[in-house]
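In: Got a sequence here, can you model it:
(chains A and B)
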Amino acid sequence: MQLEQILKNRRQEKEILLMTHIVLGYPSFEVNRQVIRQMVENGVDCIEMQIPFSEPMADGPVILKANQESIAAGTTIADCLEFGAEMADTYDIPFLFMTYYNIIFKYGEEKFLQQTQDAGLKGLIIPDLPPEMGEDFFRLAEEYRIAPILIFAPTSTDERMAELNHWAKGFIYCVARRGVTGRKSEFGDDFGTYLARCRKATDLPLAVGFGIQDRADVQALKGKTDMAVIGSRTIRLVEEEGPEAVGGFIAGLR
Amino acid sequence: MKRKGFFGNWGGAFIPEVLHQTFQELEQEYRKAKDDPAFWQEYSALMSNYSCRPTPLTYAGNLSKHFGGAQIYIKREDLNHTGAHKANNVMGQGLLVKRMGKKRVIAETGAGQHGMATATMAAKFGFACTIYMGEVDVRRQRPNVFWMEKMGATVVPVKDGSRTLKDAINEAFRDWVTNLDDTHYVFGTACGPAPFPEMVSWFQSIIGQEASRQIVELHGKLPARIYACVGGGSNAMGIFQGFMHDAVELVGVEAGGHGIASGLHAARLCGTDSSPGVAQGYKTMFLQNSDGQMLETHSVAAGLDYVGVSPILSDLADKKRVRFESATDKEVIAALDLTMRLEGIIPALESSHAFVQAFKEAPGLSPNDAIIINMSGRGDKDIFTIAHAFDDPSWKEFIIARAEEYKK
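Out: This next block holds a predicted model:
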């Protein structure tokens, strides 16, 4: 089944879906395993696994540091693909890769897509590959049935959203605010207007991410979006309280 | 078909969606300015009144005699206000910022020259200003940090990654995506996402416009060759554009560091360690490993110590229109020493790379030929690095004595 349908089916049963994020190889693949197990056991609906890149321009300090430490510890793209296959094989939820375009470009677009498909992953988030820079890649992704997930931002015009929707598959990732990952977001009136514009622009499920920290944030998003994305928050939690803290945190969000 | 923002295989705008609209607006504003003859007039007048343009083309008689070959001319970008070609780009973008009605500028800086020029422009035009600078560069270019702060800019030392220019660029982008409504990112070189490579090259083309006129006035004909150092590539693009369609050989000189074979260098277009990649918003030849992770680079000159290079220069390398060479740290110090002693001119460590290659080739050319070295900046800002490289005893004594004084 393709990503869009999997999420729509899950959405039938839940008021809001949860997507979480990890940086592969940070602090280690063993800790990644423990964290993912707890995420899945506590009902996470989708997990994005970030393949580290030395220049993560869209990420804030927490994820930036995680990228750098993972690379310094020797994480390779081959390790990430292998780990991705292991997770997709172990758990019955959709897994995605998130990374910057250079990782895929350098690995070889077709080879990367082939191996992502073989690994059983469902989609890709590439924050620095707008469709007009990667039309061939987007076509190729479709051939390999890997959903290219595109991003809407508060600065995207209605016209731009329509254009992005044309290329997007799986779901739309709505960035809650300007800026990079990790800082708190406010869900005021402007945010409501923005989400309404997102909703109008696409029939794909909507995920909202950037700065979602706690239960109150997730509650505030119920009825407004299909999926909430928790990113930097769990990385900080693992750093501060260890991987065993993740389960309780996830369980308390909905 | 030519794809927008691409130069052959290179360039583009690989940017997060949140910046899409900002780049659309910047592109529009740039096109409008480019199509408006009054804009270039305003720019040119500003540069002559505020920044000593046109800068002279100095005949280096003693160096020419010393090498006994080509007549050596030096394009004096060091005489720009703030001491480098960086001012050309910055003042141009400053005028665009005024047109766009933004109130704050940010910039990355390596050697500190671009940061310094941006801080100056911000002071003149009344913009708030934040400069991102790798922690390593803050240490090696302390005097520039002092002046930036004195002109009212906030200098943020960047402690991520290799703590040099590329990391400062990433951090500046992070600021920009957060504050894009009132902030313009004054990109310092002919790199980054479109339209920056083209726009920065356009502002820098003032160097080549002047030089092509000056050399004919002084030497009676076009030069045989032109030498420019290449970090991001903006000074090289600046002077090369004045001779692009003439029978003039263009030579770009990259940082050879400890030597190409050592791996400790920043040679993207003349070495074998680079490969095509996409980072910092554009596609070019990057120094990266087989997984696509960027490598550490090395140069005695902070301004050349960078993993990528202008996509326009990558294209000109493909087309064999520009020849690329490299100069080692050691050769750079020797060329700088000779230039100071014979001409009383102090080129920046960056610019000294161009001098190295010109000195290697001058003896092989005829005295009827002229060559131009683009002296992108002045070296007195590098006093700490240069004095250290020369291992100068009286300078060391002075520093020790001054430190003792401050301890009291």
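In: what does chain B put close to chain A?
Out: Within chain B, the positions near chain A by C-beta under 8 Å from any C-beta of the partner chain are B:12-22, B:160-161, B:166, B:170, B:173-174, B:177-181, B:275-281, B:286, B:288, B:290-294. C-beta here means a position set from N, CA and C on the backbone, and glycine is covered the same way.
In: ok but residue A:31 is inside a helix, no?
Out: Yes. Under DSSP: H, G, I helix; E, B strand; the rest coil, residue A:31 sits within a helix.
In: what number of residues lie near residue A:214?
Out: 13 (other C-beta atoms under 10 Å in any protein chain shown).
In: show me the residues around it that make contact.
Out: Contact analysis of residue A:214 by C-beta atoms under 8 Å, 6 or more residues apart in numbering or on different chains lists A:233, A:253.
In: and it, what pLDDT?
Out: pLDDT for residue A:214: 93.
In: Convert the C-alpha atoms of the longest strand anywhere in chain B to PDB, please.
Out: Longest strand of chain B, by residue count under DSSP state E: strand B:249-257. Only the C-alpha atoms of strand B:249-257 are listed here, as PDB (Å, rounded to 0.1, in the frame of the first residue of the first chain):
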ATOM      1  CA  GLU B 249      43.900  34.000 -21.100                       C
ATOM      2  CA  LEU B 250      42.200  33.900 -17.700                       C
ATOM      3  CA  VAL B 251      43.900  32.100 -14.800                       C
ATOM      4  CA  GLY B 252      42.200  31.400 -11.500                       C
ATOM      5  CA  VAL B 253      44.400  30.500  -8.600                       C
ATOM      6  CA  GLU B 254      43.100  28.300  -5.800                       C
ATOM      7  CA  ALA B 255      44.500  27.600  -2.300                       C
ATOM      8  CA  GLY B 256      47.100  24.900  -2.500                       C
ATOM      9  CA  GLY B 257      47.500  24.900   1.300                       C
END
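In: what's the neighbour count on residue B:371?
Out: Per other C-beta under 10 Å, the neighbour tally for residue B:371 reads 28.
In: Which secondary structure state is assigned to it?
Out: Residue B:371 is classified as strand under three-state DSSP.
In: From residue B:361, how far out is it?
Out: Residue B:371 sits 7 Å away from residue B:361, taking C-beta to C-beta, to the nearest Å as the criterion.
In: Quickly list what's touching both of the two.
Out: If you check residue B:371 and residue B:361 against C-beta under 8 Å, 6+ apart, the residues they both contact are B:70, B:225.
In: What strand or helix carries residue B:190?
Out: Remark: residue B:190 resides in no helix or strand, with elements defined by DSSP states H and E.
In: Who are the contact partners of the closest residue in space to it that isn't next to it in sequence?
Out: Once flanking residues are discounted, residue B:190 sits nearest to residue B:310: 4.0 Å by C-beta to C-beta, 6 or more residues apart in numbering or on different chains. Going by C-beta under 8 Å, 6+ apart, residue B:310 touches B:189-191, B:197, B:201, B:230, B:232-234, B:236-237, B:284.
In: same question, residue A:225
Out: Contacts of residue A:225 by C-beta under 8 Å, 6+ apart are A:16, A:174, A:195, A:206-208.
In: Tell me the secondary structure at it.
Out: coil.
In: Find me the pLDDT at it, would you?
Out: On the pLDDT scale, residue A:225 gets 96.
In: quick one on the thing from earlier: so what does the longest strand of chain B touch, helix or strand wise?
Out: strand B:225-229, helix B:234-240, strand B:322-328, helix B:329-343, helix B:349-361 (3 or more C-beta pairs under 8 Å, 6 or more residues apart in numbering or on different chains; DSSP states H and E).
In: change it to 7 Å
Out: If you count contacts as 3 or more C-beta pairs under 7 Å, 6 or more residues apart in numbering or on different chains; DSSP states H and E, strand B:249-257 packs onto strand B:225-229, strand B:322-328, helix B:349-361.
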